[in-house]
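Trainee: just a sequence and a predicted model for now, questions to come.
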Amino acid sequence: MRATLWVSASLLIGAVPWLLLAALAAAGRLSAPLALAGIALTAAAAAALGGWWASQIAAMQQAVRHLATEDTEGFHRHAERIRLPSLGLVLRSLLRIVRGFEAKLGRAEQRLQTLEAIIDLLPNPLLLLKPDGAVARTNAAARAAFGKDLPALLRHPSFRAAVDRAASGAGPQHVELSLVVPSLRDLEVTAIPLAREGAAPPPEVLVVLADRTREHAVERMRADFVANASHELRTPLASLIGFIETLRGPAADDPQAQQRFLPIMAEQAERMNRLIDDLLQLSRVELLEHQPPTERVDIGQLVARVAAGFEPRFAGRQMRLEISVDPATPEVPADAEQIIQVVQNLLDNAVKYGKEGGCVRLSLAPAEASPGPWPSKEGLVLTVADDGPGIPRQHLPRLTERFYRVDKGRSRQAGGTGLGLAIVKHVINRHRGQLVIESQEGVGSTFRVWLPQGAAPEAA
């Protein structure tokens with residue numbers, strides 16, 4: 001390249017003198033020897049000047065190349081070799097232009113980073129969809145709220161219809177929808193087309209999501225609480241009212257009747273208290289069911305603590321509690337208080353409905369050590385098994401329903417509210433786990449809870 005520059009520069013510099021000397025010789029104004037000597041000297045001078053000029057052009061090319069790769073040291077090294085003022089002026093002007101563009105680019109990048117940080121800090125989940133419907137970007141709220149469950153939202157018919165209408169030019173679209181996987185979640189979706197000047201349709205679509213699950217759950221909770229409380233409290237309230245009327249009337253002066261009625265009244269009042277506590281606890285669990293826990297918990301320590309508190313109750317029924325906790329059990333994302341409630345409810349059922357003088361087995365182990373219908377990912381399994389009378393097969397699918405009792409008389413006699421397994425089910429749903437109930441009449445019942453070891457992965 002440099003040789004080509006040198007030859008071109010030499011020819012350009014020497015062409016005019018050569019033609020002038022040749023013309024003088026042809027006109028007889030200059031002798032041939034002098035003309036040839038002049039041409040030779042001009043060629044030598046042109047070659048020397050062309051070489052210098054070619055070196056200046058080559059140095060400028062190298063400086064521009066280093067400037068393009070942001071190699072400041074290389075740029076200045078080659079720029080110092082340039083002695084031709086015009087080329088130096090051009091190079092300095094080019095440097096100023098590049099630095100101006102770099103400054104503008106730097107400011108643009110700062111603004112972009114600021115905007116991205118603002119988008120990530122927005123409390124509402126945001127999705128940016130490409131024209132083909134693929135996710136181009138999500139903010140932190142969207143990744144935290146959906147994680148691996150985002151495809152279920154993208155495939156929802158109402159969601160797709162709103163996005164398609166927005167992309168087709170119908171303007172911003174609003175729709176409300178419900179996701180049932182992995183737990184019930186009510187969402188308000190706003191799809192906004194981002195038409196850019198010069199861009200071919202369809203445009204990108206910005207989707208703003210508002211989670212209305214908690215608001216709707218509060219509404220349902222109020223209605224359910226009134227309905228459930230009025231239904232379940234009617235019997236104990238009727239009993240209390242009857243006893244109070246009796247104590248005020250016929251038994252007002254009967255100490256024996258009072259001594260017989262007061263324990264029954266206290267039992268009914270305690271039953272109402274347990275019922276209200278369980279209803280409130282179930283409502284709190286349902287409010288948080290759509291938000292999986294993130295804190296990692298050692299379930300083994302919780303199991304040991306809860307089991308220690310049940311020892312007097314097992315001793316009261318001459319029952320044995322066998323505990324087996326695998327030391328290799330990992331920590332899992334969990335709400336410690338809710339997991340304690342799960343263990344308490346399962347052990348409470350085992351004490352109430354297990355065989356007196358029998359054995360209850362409580363175990364905790366990695367999922368691979370506990371065969372079952374578990375997903376193909378790491379987790380742990382909590383098992384509570386008793387050797388009681390068992391549960392008829394036809395009742396198993398409905399055990400986690402509110403107030404469902406296999407034997408209503410025995411359940412009330414044992415102090416059950418019919419809400420324990422419903423609470424367990426909703427807690428397990430919140431933890432994205434699974435509950436499996438197995439029972440055989442005359443043999444006993446086994447309750448197994450699978451909890452995933454890892455948190456839900458974030459969407460891209």
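Mentor: Arrived safely.
Trainee: doesn't His216 belong to a helix?
Mentor: Yes: secondary structure assignment places His216 in a helix (DSSP: H, G, I helix; E, B strand; the rest coil).
Trainee: pLDDT score for the closest residue to it other than its chain neighbours?
Mentor: With Cβ to Cβ, 6 or more residues apart in numbering as the criterion, His216 has its nearest non-adjacent residue at 4.7 Å, and that residue is Asp186. (Each C-beta comes from the backbone N, C-alpha and C, glycine too.) Looking at Asp186, its pLDDT stands at 87.
Trainee: what does Ser445 give?
Mentor: 92.
Trainee: need the three-state assignment for it.
Mentor: strand.
Trainee: now do the helix or strand encompassing Ile118: distance to the chain's middle.
Mentor: Per DSSP states H and E, Ile118 falls inside helix 85-121. With Cα atoms, centre = their mean, to the nearest Å as the basis, helix 85-121 stands 35 Å off its chain's centre.
Trainee: try stretch 244-262
Mentor: For stretch 244-262, the distance to the chain centre is 61 Å (Cα atoms, centre = their mean).
Trainee: how about that stretch: buried residues?
Mentor: Leu247, Ala251, Phe261 (16 or more other Cβ atoms under 10 Å).
Trainee: narrow those residues to those in strands?
Mentor: In strands, defined here by DSSP state E, there are no members of these.
Trainee: could you export these as a markdown table, including pLDDT?
Mentor: Shown next, in a markdown table, are those (pLDDT from 0 to 100):
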| residue | pLDDT |
| --- | --- |
| Leu247 | 82 |
| Ala251 | 77 |
| Phe261 | 82 |
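Trainee: for Leu5, give me the pLDDT.
Mentor: 53.
Trainee: now Ile323
Mentor: 91.
Trainee: can you give me the neighbour number for it?
Mentor: 14 (other Cβ atoms under 10 Å).
Trainee: tell me how far the helix or strand hosting it is from the chain's mean position?
Mentor: Ile323 belongs to strand 320-325 when assigned by DSSP H and E. Here strand 320-325 is found 36 Å from its chain centre; the criterion is Cα atoms, centre = their mean.
Trainee: got the contact list for Pro123?
Mentor: Ala141 (Cβ atoms under 8 Å, 6 or more residues apart in numbering).
Trainee: what about it, which helix or strand?
Mentor: Using DSSP H and E, no helix or strand contains Pro123.
Trainee: quick one, phi/psi of it?
Mentor: phi -70, psi -30 (degrees, to the nearest 10).
Trainee: Leu435 belongs to a strand?
Mentor: Yes: assessed by three-state DSSP, Leu435 belongs to a strand.
Trainee: how close does the nearest residue to it once chain neighbours are set aside get to Phe243?
Mentor: Distance criterion Cβ to Cβ, 6+ apart; nearest residue to Leu435, sequence neighbours excluded, is Ile428 at 4.9 Å. Going from Ile428 to Phe243 by Cβ to Cβ, to the nearest Å gives 39 Å.
Trainee: same question, Gln173
Mentor: 61 Å.
Trainee: same check, this time on Leu150
Mentor: In terms of Cβ to Cβ, Leu150 sits 57 Å off from Phe243.
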